[in-house]
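Visitor: Just a sequence and a predicted model for now, questions to come.
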Amino acid sequence: MLRWTETLLNTLREPPQDAEIVSHKLMIRAGMMRKLGGGLYVYLPLGMRALRKIETIVREEMDRAGAQETLFPILQPAELWKQTGRWETMGPGMFRVKDRKDAWYVLAPTAEEAFTALAKSEISSYRQLPRIIYQLQDKFRDEIRPRFGLIRGKEFIMKDAYSFDADDAGADKSYWAMHAAYVRIFERVGLKAKPVEADTGDIGGNFSHEFMVFAASGEDGILDCPACGYAANQERAERRVQVVPYQTEAGAPEEVATPGQHSCEEVARFLGRPIDQIVKSLVLLVGGKPVMVLVPGDRELSETKLRRLFGGAKVEEADEATVAKVAGPVGSIGPVGVELPIYADRALEGAADMVVGANKEGFHLAHVSLARDAKVVAYEDLVTVREGDCCPKCGATLTVRRGTEVGQCFKLGTKYSAAMGATYLDEQGVAKPLIMGCYGIGVSRTLQAIVEQSNDADGIIWPASVAPCQVNLLILDPDNAEVVAQAEALGKALEARGIDVFVDDRAERPGVKFKDADLIGLPVRVVAGAKSLAKGGFEIRRRTERDSVVVAPDKAIETIADLLR
RNA sequence: CGGAGUGUAGCGCAGCCUGGUAGCGCAUCUGCUUUGGGAGCAGAUGGUCGGGGGUUCAAAUCCCCCCGCUCCGACCA
């Protein structure tokens, strides 16, 4: 039994000034955690209990899926990271420290290298495959902007798992086993999380799902198809291309004066043409080399998609001087006559009678037919999908929702095993690189995501599976020996049944205790007071309900157990 | 890093424009009254006003530099 008067716990009437979103405010106000520094939080006893419950569920489901728990050091030799090149490519996002001999170390932001190194030393035969190993361990990332409490911190708790297989079929099996485990984990912790197709980012690999929790405060946009269930991160989502109007050729390109008109909106308005008849031309440096990209005037280029098109090469905007050299003045460039590889969005395939920049300040070209007048290398899916676009699977209209990522699965292939020489011998005695997958859950982020998704105006509403305790027992008259004796007996009996009890035994007025009980948000509230005893026992109610029932002491345990079921 | 804010008691804030001995609410401690949805009265504790420099007889207040934190854009669990 956890007693308030023996617990390091203070609730706050007002949220701290630096908290923006509801879960951050509630986690602080309810005394679940405190800030130690930017992006760094202390888990207080109640928050710690909820965190432990989540971790237990994660372990149970990982073990059930055949994964084995390990624990790797946070402090990792730089050598490992140099083997895969990520010592360079991770950039300033990774914390690096030196020991007294000036040897460099990394505070692990993730652990592909370390797990691959272990696989290299321990796995040598196909007979040892498949293997999935995991850990729950702190991760460190020097985030540019930590925010929203546990949602994005410099230090956070991650469950990371890595699978090692002999072939693609095995790797797929491991991938979907982890995927299924994640679905179960998020269900069990009471979180509505949806797997969506995702980009693979810096981790690499070729296939990925993110588990997203829908929340207005989410940092990611998710395109969701209400008709067929397709869902994808905005940075990766695809669309079914609609045929653009104005497909008829209208004579040769003609220079038109557009003084001072640069953006597509300006040009469209000035020429009295619809915006999707204007072509947006952009110059980007892909792996350091300039490339021209064309998208419809009202669309945004997705740099993520461009990067994937070029096999993960670095993509950046070209500076004005470069643009001027290879095309024309920024704001007036176009594809006609430029000597650059030109890639266009699929929506522009067959586009005719378009307006493009003339590569000359103050002028655009009208009546341009891309097929005829520009040397387009390829038409690809290059724009960021938005609300109202068509689902790539079924063609229905996509909607955008905000979401927070709580987990991600990647198929890595041999990216790390090949780089580090982690091989096994197959049945023929041939050395082959291990096929890998990696699977992360932001455990501390999950804790706060649960609160973000489950609260009301009065406070947190913990799902029973992860609540710090299941029952909040309020002793309203701590000076009344009869009340205390009854409450203590109930608390002990509940604990004997495996039900956690948090007792508010403070010498506070009833109103204070009710407010705090709502704020802390344990699933079942039991009131023990002189008035309740006079009415026949304890007053019992769910956090989510307004009215309580009075239950005789000998019936209370069953009533409570039923409510928790 | 770019843009916008902010920094005064444990928490939330006023004071700054117009310089003149640092204040309010909550929390904490003491006493009395109160006691079923954040009680009342009386008293008490607690501040190098983010740091440094400058202007001035005098700086929380005006000027300069630095730092922290928060919010909006590019990374990610």
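Guide: Structure received.

Visitor: Which positions in the stretch 401-550 of chain A make contact with RNA strand B?
Guide: Counting by CB under 7 Å from any atom of the strand, the stretch 401-550 of chain A comes close to RNA strand B at A:405-408, A:440-442, A:444-445, A:458, A:476, A:509-512, A:514-519, A:527, A:529-532, A:539, A:548. For the C-beta atoms, the positions are set from N, CA and C on the backbone; glycine is no exception.

Visitor: and these, which of them are in strands?
Guide: If you go by DSSP state E, those have A:Glu405, A:Val406, A:Gly407, A:Gln408, A:Gly440, A:Ile441, A:Gly442, A:Val527, A:Glu539 in strands.

Visitor: Sort out which one of those lies nearest A:Ile57 for me.
Guide: A:Ile441 (10.4 Å; CB to CB).

Visitor: What's the local residue count around that closest one?
Guide: 31 (other CB atoms under 10 Å).

Visitor: How about it: which residues does it bridge to?
Guide: For A:Ile441, the beta-bridge partners are A:Lys159, A:Gly407 (DSSP bridges).

Visitor: That one and A:Glu405 touch, don't they?
Guide: No: the pair A:Ile441 and A:Glu405 does not pass the contact test of CB atoms under 8 Å, sitting 10.0 Å apart.

Visitor: Can you select the buried ones from the residues of the stretch 401-550 of chain A next to RNA strand B in ChimeraX?
Guide: Here is the ChimeraX selection string for the buried members of these, based on 16 or more other CB atoms under 10 Å:
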select /A:405,406,407,408,440,441,442,444,445,476,514,516,517,518,519,527,529,532,539
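
Visitor: What's the per-residue pLDDT of the residue nearest to A:Ser548 when sequence neighbours are not counted here?
Guide: Excluding the flanking residues, the one nearest A:Ser548 by CB to CB, 6 or more residues apart in numbering is A:Arg541, at 3.6 Å. In this model, A:Arg541 is scored at 97, pLDDT.

Visitor: need the contact list for the nearest residue to A:Glu349 once chain neighbours are set aside.
Guide: With sequence-adjacent residues excluded and distances taken as CB to CB, 6+ apart, A:Glu349 is closest to A:Tyr379, at 4.3 Å. Residues in contact with A:Tyr379, defined by CB atoms under 8 Å, 6 or more residues apart in numbering, are A:Tyr343, A:Ala344, A:Asp345, A:Arg346, A:Leu348, A:Glu349.

Visitor: CA atoms only for stretch A:132-141 - export them in CSV, please.
Guide: C-alpha atoms of stretch A:132-141 as CSV (Å, rounded to 0.1, in the frame of the first residue of the first chain):
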residue,chain,number,x,y,z
ILE,A,132,15.6,-11.5,-32.0
ILE,A,133,17.2,-9.6,-29.1
TYR,A,134,16.1,-6.5,-27.3
GLN,A,135,16.7,-4.1,-24.5
LEU,A,136,15.0,-1.3,-22.6
GLN,A,137,17.6,1.3,-22.2
ASP,A,138,18.1,5.1,-22.1
LYS,A,139,18.9,6.8,-25.4
PHE,A,140,20.4,10.2,-25.9
ARG,A,141,19.8,12.6,-28.7
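
Visitor: hmm, it in reach of RNA strand B?
Guide: Yes: residues of stretch A:132-141 are located near RNA strand B by CB under 7 Å from any atom of the strand, namely A:Arg141.

Visitor: element containing A:Met56, please.
Guide: Let me fix one detail, which is that residue A:56 is Thr and not Met. helix A:45-64 (DSSP states H and E).

Visitor: Name the strands paired with the following helix or strand past that helix and say parallel or antiparallel.
Guide: Next in sequence after helix A:45-64, counting helices and strands by DSSP H and E, comes strand A:68-69. As defined by DSSP bridges, the strand partners of strand A:68-69 come to strand A:131-140 (parallel).

Visitor: For A:Val549, grab the count of nearby residues.
Guide: A:Val549: 12 surrounding residues under other CB under 10 Å.

Visitor: so it makes contact with A:Ala556?
Guide: No: the criterion here is CB under 8 Å, and A:Val549 misses it with A:Ala556 at 10.1 Å.

Visitor: where does the stretch 101-250 of chain A come near RNA strand B, residue by residue?
Guide: The stretch 101-250 of chain A comes close to RNA strand B at residues A:110, A:141, A:143-148, A:150-153, A:156, A:158, A:199, A:201-203, A:210, A:219-220, A:235, as judged by CB under 7 Å from any atom of the strand.

Visitor: Can you give the domain ranges for chain A?
Guide: Following automatic domain parsing, chain A resolves into domains at A:51-74+A:109-237+A:400-451, A:254-380, A:469-564.

Visitor: What pLDDT does the model give the residue of the stretch 1-150 of chain A found nearest RNA strand B?
Guide: Relative to RNA strand B, the nearest point of the stretch 1-150 of chain A is A:Gly38 (2.7 Å; CB to the nearest atom of the strand). The confidence metric pLDDT takes the value 82 at A:Gly38.

Visitor: neighbours around the residue lying closest to it once chain neighbours are set aside, how many?
Guide: Closest residue to A:Gly38 apart from its sequence neighbours, by CB to CB, 6+ apart: A:Pro146 at 5.4 Å. Here the count is done by other CB under 10 Å, and A:Pro146 has 20 residues near it.

Visitor: I figured A:Pro146 was touching A:Tyr41, is that so?
Guide: No: applying CB under 8 Å, one finds A:Pro146 not in contact with A:Tyr41, separated by 9.8 Å.

Visitor: tell me, what's touching the two both at once?
Guide: Shared contacts of A:Pro146 and A:Tyr41 (CB under 8 Å, 6+ apart): A:Gly153.
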